[in-house]
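Asker: requesting a structural model of the entry that follows:
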Amino acid sequence: MEDQKTHVQGLHREGKEIFPGVTLAKVEWDRVIVDRDGRRETLLLPTDAPRPSASKPSAPLRLQLQQAKVGGIQHVSEDAYRVDRNEIEHAMENLGDLFTNVRAVPYASDDGTINGFRLFSIKAKSLVDRLGLKNGDIVRRVNGVDIADPSTAFSPLQDLPGLSQVSVDVVRNHQPVTLSYTIQ
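Answerer: Numbers count the residues shown, from 1 in each chain. Here you go, the predicted structure:
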């Protein structure tokens, strides 16, 4: 959560006080519920995620996806991308910029266990957007490593410069999706 006056961000657990007199009651897919001085309030989160499609893209759309290249990223199939290593190196040198292009909040199961991070407010044409991540996606794993807290969320970033393949497991529109990246 972010304090709108100071812009200080903090990670909070359900049942804990986040501000004086305000307790985090529940985090859901599209809302945060808080208790403020004994009254329950619902804060709606942006849900820009596209609706699930009943059919796969037609052949002409698939051809367009294969040819779509923005910056150093080429969308080669529905869930696969080819990424220029310079894009990764630039992102690693400018992590502050990278983190201003997306918001991520811990996503917890009903028992309170953190099961990844939900993405929203992804800026158009940012690296996160060009990598095919969508508002509402819940990032669960990177290269098979569970993303369960901020420390595990940042550790895969440190490995990126030396990798040639990266897979990111997300939940999109309540369905599991694996995004694959070839870094060249």
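Asker: if I pick the residue most central in space within the chain, what's in contact with it?
Answerer: Nearest residue to the geometric centre of the chain (CA atoms, centre = their mean): L119, 3.3 Å. Applying CB atoms under 8 Å, 6 or more residues apart in numbering, we find L119 in contact with V102, R103, A104, V128, L133, K134, N135, G136, D137, I138, V139. Heads up, the C-betas are built off the backbone N, CA and C, glycines and all.
Asker: how many other residues sit next to the third one?
Answerer: So the one you mean is A104. Other residues near A104 come to 20 when the count uses other CB atoms under 10 Å.
Asker: look up how far L45 lies from the closest residue to it other than its chain neighbours.
Answerer: Excluding its sequence neighbours, the residue lying closest to A104 (CB to CB, 6 or more residues apart in numbering) is F117, at 4.2 Å. According to CB to CB, to the nearest Å, F117 and L45 sit 13 Å apart.
Asker: picking up where we left off before, just the element for the residue nearest to the centre of the chain, please.
Answerer: Element membership for L119, per DSSP states H and E: strand 114-120.
Asker: with Q74 instead?
Answerer: Going by DSSP H and E, Q74 is part of strand 73-77.
Asker: quick check: next helix or strand after that strand?
Answerer: As assigned by DSSP H and E, the chain's next helix or strand after strand 73-77 is strand 80-83.
Asker: quick one: mean pLDDT over that following strand.
Answerer: Averaged across strand 80-83, the pLDDT comes to 93.
Asker: run the chain-centre distance for it.
Answerer: Put simply, strand 80-83 sits 17 Å off its chain's centre (CA atoms, centre = their mean, to the nearest Å).
Asker: next, the angle strand 73-77 makes with the helix or strand following that strand.
Answerer: Sequence-wise, the next helix or strand downstream of strand 80-83 (DSSP H and E) is helix 85-93. Helix 85-93 runs at 120 degrees relative to strand 73-77, counting by axes from the mean of the first three to the mean of the last three CA atoms, to 10 degrees.
Asker: please point out which parts of helix 85-93 sit buried.
Answerer: The neighbour-count check on helix 85-93 (16 or more other CB atoms under 10 Å) flags E87, I88, A91 as buried.
Asker: contact partners for the second one?
Answerer: For I88, the set of contacting residues under the criterion of CB under 8 Å, 6+ apart consists of L160, P161, I183.
Asker: what's the burial count for the second one?
Answerer: Read it as P161. By other CB under 10 Å, 12 other residues sit near P161.
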